[in-house]
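1. Here is my input; please provide its structure:
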Amino acid sequence: MRGLLVGRMQPVHQGHLQVIKRILGEVEEVIIGIGSAQLSHTIKDPFTAGERVMMLSKALTENDISASNYYIIPVQDIECNSLWVAHMEMLTPPFAHVYSGNPLVQRLFTEKGYQVTQPPLFNREIYSGTEVRRRMLADEEWEKLVPESVVDVINEIKGISRIKHLARKEVSDII
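-> Got it, this is the predicted structure:
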């Protein structure tokens, strides 16, 4: 059986890995959709889809998860919720089970007859992309919230510098 998990992964953190490991305890393969693939270079979505794929593939390898057990597929948003499930079906290998904590995603897949499970959250107060990005901006320790390989990718792409630059106010906003 194959399952589907969709997330923005901005950036990939330890909570994502725990969810993926839990899912792989229930299905043979997991399709990981990198959501909002068209977005990057904002404070909420600082990393490109390619950078997120790199983070995730390296983190899964670091955690001894075989590439034969997952597919990583960037997924762009579409502006029509009633077509979103068909959009996902078109982009991915077949799947039988959907894992999502998003009520809209749960509803859309349930209405199309899929089995939907809300995965458990692991220490959500700190294992969230929002918290990781907040700590990056505040010069607080963020590295322990993500796998070592993700730290390496963020350093390689100068991710901290990018987020801090994006957080600066335009001169016209200050005056």
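2. any weak-confidence spans in this structure?
-> 170-175 (pLDDT under 70).
3. Does anything pack onto the helix or strand that Leu60 is a member of? Which helices or strands?
-> In this assignment (DSSP states H and E), Leu60 forms part of helix 49-62. Here helix 49-62 touches helix 14-24, strand 29-34, strand 70-74, helix 148-156, going by 3 or more CB pairs under 8 Å, 6 or more residues apart in numbering; DSSP states H and E. Every residue, glycine included, has its C-beta placed from N, CA and C.
4. which of those sits most buried?
-> Ranked by mean neighbour count, the helices and strands packed on helix 49-62 are led by strand 29-34 with a mean of 23 (mean count of other CB atoms under 10 Å).
5. quick one: which of the helices and strands packed on helix 49-62 is nearest Ala96?
-> Closest of those to Ala96 is strand 29-34, at 10.6 Å (criterion: CB to CB).
6. Render the CA-only coordinates of the closest one in CSV, please.
-> Output in CSV follows, covering the C-alpha atoms of strand 29-34 (Å, rounded to 0.1, in the frame of the first residue of the first chain):
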residue,chain,number,x,y,z
GLU,A,29,5.8,3.5,0.3
VAL,A,30,5.0,7.2,1.0
ILE,A,31,4.6,9.9,-1.6
ILE,A,32,5.7,13.2,-0.1
GLY,A,33,4.2,16.2,-1.9
ILE,A,34,6.2,19.4,-1.5
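7. quick one: it to helix 14-24, angle?
-> Angle between the axes of strand 29-34 and helix 14-24 is 150 degrees (criterion: axes from the mean of the first three to the mean of the last three CA atoms, to 10 degrees).
8. now for strand 29-34, which elements pack on it?
-> By 3+ CB pairs under 8 Å, 6+ apart, strand 29-34 packs against strand 2-7, helix 14-24, helix 49-62, strand 70-74.
9. Which residues does the next helix or strand after the shortest one contact?
-> Read it as strand 70-74. Downstream of strand 70-74, the next assigned helix or strand under DSSP H and E is helix 81-91. The set of residues external to helix 81-91 that reach it, using CB atoms under 8 Å, 6 or more residues apart in numbering, is Leu4, Val6, Gly33, Ile73, Val75, Ile78, Leu104, Leu108, Phe109, Glu111, Lys112, Tyr114.
10. measure the nearest residue to the second one once chain neighbours are set aside to Lys44 for me?
-> With CB to CB, 6 or more residues apart in numbering as the criterion, Val6 has its nearest non-adjacent residue at 3.7 Å, and that residue is Gly33. Distance of Gly33 to Lys44, computed by CB to CB, to the nearest Å: 18 Å.
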